[in-house]
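A.B. asks: Predicted coordinates and the sequence they were generated for:
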Amino acid sequence: MATTKRSKKIKEAEIESKDQRWHCRNRVTLVFGSNDIEELETYLYTSKGVKFQTVQFHQAKSKAIEEILDNCIDEFYRNHVTEIKVDLSDDCQTVTISDNGIGFPLTKVSQVYTEFRTGSKFKDEETDSKGFLFRTLGQNGLGAAATCLTSDLFEATVKHHNSKKEQTYTFTDGALKTKKTKTKAFRGASGVKIKVKLAKEVYKNPKIDKELLRKRIIDLAYNNPGLKFIFNKEVHFYKKGLLELAHRINAKSSYEFGVVAHKYETLNAKKKKVKGLIDMTVALVVDKKSDDREKFISFVNSTPTFDGGFHNDRIKRHFINHIKEKLARAAKKEKVTVNDNDILQGLTFIIGIVMPNPRFESQTKRKLVRDNQLEKAIDAFVTKNIKKFYKKHPEYLELIIQRAKTRTHFQDLKDASKQGKKAKKQRIEKLLDANARKDRSECTLFICEGDSAIGGLRSARDKLNQGGIALRGKPMNVSQATLKDVLANDEFSNIMASIGLTIGVPADPSILRFSKIVFLSDSDVDGGHINTLLTNFFYSFWPEMFEMKMIQITKAPLFEVVTDKGTEYIESPEALEKIKKKKGIKIKEIQRNKGLGEMSQRAFKHVLQKDDFTIITAKDAKKCKNILHVCFGKDTQLRKDLLLDD
């Protein structure tokens, strides 16, 4: 190995050994997380509800107090605690937490609260009296000791149930000094009471955020049904747990997805068969009006997983996949594609999991990592409960389809806008345009039935102010078509481009190329049908055109009757019979026009030079939309009822 040239004597690194107190106080972030204020997207509890907001959050201070609360919850898991009391002083610097558990041996008090790796929660592979693996919040024996070592004052009073003795230890300045009372007998409830004042030297500002502490206590109450909490005389007690939290967020649109106790068998480190139990609760809250992305309120063994993790991701992905599969047929029928956001928009997942040996990314327990048994439990849980959820809440599935339709409609409107701008620049072959260039306010567009009609219109029109465009057969029924289908329809695209209309953009007379749109079709049943389909098209997208009296209709004469007094243009057989019976008139010739293509030039001029056409009015918008829905919608029964109605 090569040697390196160095001076004769080099100053060596100084090797130091620091005790737990120094390490904890100077490296508190390794134990409790960030010692700086951060912004956290979360929620606070109001008097009756929940308010989602951004809060100023101090991870380390919050975790230091939570470690003491967690010890109480672990005693509840062991069926030793029924009540937890928390008091915060008026200056928000001193917190007192007490439970009515069984306490622990008084000889262990100093060790538990001043030494790391000391506790009763290291039995990862051992089972309780029923043969199930233990489930706890604490696992490393660091929390309570770290809180004590980073406090100016840490007072622990332990009333030990088995010995019927109590003793108080007072640790000051991070346990540099310790005082203890003599042991004595006690009456009443056993348990542990901890009084904490965090060290200013460590946390900079030892003041505790009252609202965030209150939030944590209420969270714990919801996570542990049947456990009573008292915070500054405010009582929190719930029987249904997280389902009640969902109801508190929104009573009208909260759903119980499922509650399950998943049992499994596994091998411990000694290759011995043991049983495990995973309790899981999932509730959903749907805000139908919200455009926000999904939210998660999730807990693992009562610990809030602010950064999510495996449980959130797995439940969300399974939920999405099942919903998509369920809605595949309905989406195909509606010609839409359901995406993840259609399902998740405005949705809040409330997830509670209690399991043996959860594994987190760090001591702060903000993010859960993957677990094989939990994965199996979640997969079975979602698959089992999703069908019940469909049947119980069909309105949620309808909401998703509606969102997909709205999103598709919005995208089609954007496409329509682009297509409209592009079409305005292109020449429309089917358009026989009016010649006016500057002032188009007097221009009229005739929408005619058939190409042959354009030939007659061409020679009879007022070239300056009258134009025409022909239809091939009957136009599309827009009530049974998607917006994309309408945009792809050449005839409607040509009509829109000719007038200067864009779907999704209100009609503005000042920029339109024609001030009147006149339907001109054959005087038969098919012609009438064409007129109604055109009316449906314009009213569906530009109802304001009817208010402005821009949409009009005129009839082609069915008969041209030449008499000794001139030519009469007759629109119906009944009117023809009246002419025949009229005295003093001699009929020389009767020409019946089967369609616009058979009309004479004189007849075309008669039609085009009328002073007024019939204006199509829409006085009641609601009634108009309803009748168009009946006549052109997908529900055929509505049309049958209309036709059979006496």
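C.D. replies: Perfect, I can see it now.

A.B. asks: ok now the helix or strand where residue 579 lies, how far from the chain's centre?
C.D. replies: Under the criterion of DSSP states H and E, residue 579 resides in helix 573-581. In this view, helix 573-581 has its centroid 66 Å away from the chain centroid, taken as CA atoms, centre = their mean, to the nearest Å.

A.B. asks: Please report how far residue 556 lies from residue 597.
C.D. replies: 10 Å (CB to CB, to the nearest Å). C-beta here means a position set from N, CA and C on the backbone, and glycine is covered the same way.

A.B. asks: what about the two, which has more around it?
C.D. replies: Per other CB atoms under 10 Å, whichever of residue 556 and residue 597 has more neighbours is residue 556, with 25 against 16.

A.B. asks: does the more buried one really touch residue 523, like I thought?
C.D. replies: Yes - with contact defined as CB atoms under 8 Å, residue 556 counts as touching residue 523 (5.4 Å).

A.B. asks: what touches both of the two?
C.D. replies: Common neighbours of residue 556 and residue 523 (criterion: CB atoms under 8 Å, 6 or more residues apart in numbering): 571, 593.

A.B. asks: tell me, how many neighbours does residue 637 end up with?
C.D. replies: Using other CB under 10 Å: residue 637 sits among 8 other residues.

A.B. asks: now residue 203
C.D. replies: 21.

A.B. asks: Pretty sure residue 150 is one of the things it touches, is it not?
C.D. replies: Yes - contact criterion CB under 8 Å: residue 203 and residue 150 qualify, at 7.2 Å.

A.B. asks: Overlap of the contact sets of the two?
C.D. replies: Joint contacts of residue 203 and residue 150 (CB under 8 Å, 6+ apart) are 28, 64.

A.B. asks: for the chain, which spans come out with low pLDDT?
C.D. replies: Applying pLDDT under 70 to the chain picks out residues 117-127, 129, 137-142, 269, 420-425, 620-622, 624-625, 628-630, 632-636, 638-646.

A.B. asks: Identify each buried residue in the lengthiest helix in it, please.
C.D. replies: Assignment by DSSP state H gives helix 394-424 as the longest helix of the chain. With burial defined by 16 or more other CB atoms under 10 Å, the residues of helix 394-424 counted as buried are 396-397, 399-401, 403-405, 407-409, 412-413, 415-416, 419-420, 423-424.

A.B. asks: Would you map the strands across the stretch 151-300 of the chain?
C.D. replies: 151-160, 165-172, 177-180, 184-185, 191-198, 228-231, 234-236, 254-267, 273-286, 295-300 (DSSP state E, counting those that start in this stretch).

A.B. asks: For the third one, which strands pair with it and how are they oriented?
C.D. replies: Here strand 177-180 is paired, per DSSP bridges, with strand 165-172 (antiparallel).

A.B. asks: which residues are in contact with the strand it pairs with?
C.D. replies: Outside strand 165-172, the residues that touch it by CB under 8 Å, 6+ apart are 103, 106, 109-110, 113-114, 148, 151-160, 177-186.

A.B. asks: Report the distance from it to the chain centre.
C.D. replies: Between the centre of strand 165-172 and the centre of its chain there are 51 Å (CA atoms, centre = their mean).

A.B. asks: With only the CA atoms kept, save that strand in PDB.
C.D. replies: Extracted in PDB, the C-alpha atoms of strand 165-172 (Å, rounded to 0.1, in the frame of the first residue of the first chain):
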ATOM      1  CA  LYS A 165     -47.900   2.400  46.900                       C
ATOM      2  CA  GLU A 166     -47.200   5.700  45.300                       C
ATOM      3  CA  GLN A 167     -44.100   7.900  44.800                       C
ATOM      4  CA  THR A 168     -43.300  11.200  43.000                       C
ATOM      5  CA  TYR A 169     -40.000  11.800  41.200                       C
ATOM      6  CA  THR A 170     -39.100  15.400  40.100                       C
ATOM      7  CA  PHE A 171     -36.500  15.700  37.400                       C
ATOM      8  CA  THR A 172     -35.200  19.200  36.600                       C
END
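
A.B. asks: Give me the angle between that strand and strand 151-160.
C.D. replies: On the basis of axes from the mean of the first three to the mean of the last three CA atoms, to 10 degrees, strand 165-172 is oriented at 170 degrees to strand 151-160.

A.B. asks: orientation of strand 165-172 relative to strand 191-198 in degrees?
C.D. replies: Using the same axes, to 10 degrees, strand 165-172 lies at 10 degrees relative to strand 191-198.

A.B. asks: Pull out the buried positions in strand 165-172.
C.D. replies: 165-172.

A.B. asks: How about stretch 356-373?
C.D. replies: For stretch 356-373, burial by neighbour count (16+ other CB under 10 Å) applies to 356-358, 360, 363-368, 371, 373.

A.B. asks: Now go through these and say which are in helices.
C.D. replies: Counted as lying in helices by DSSP H, out of the buried residues of stretch 356-373, are residue 373.

A.B. asks: chain center to stretch 402-411, what's the gap?
C.D. replies: Here the centre of stretch 402-411 is set off from its chain's centre by 14 Å, with CA atoms, centre = their mean.
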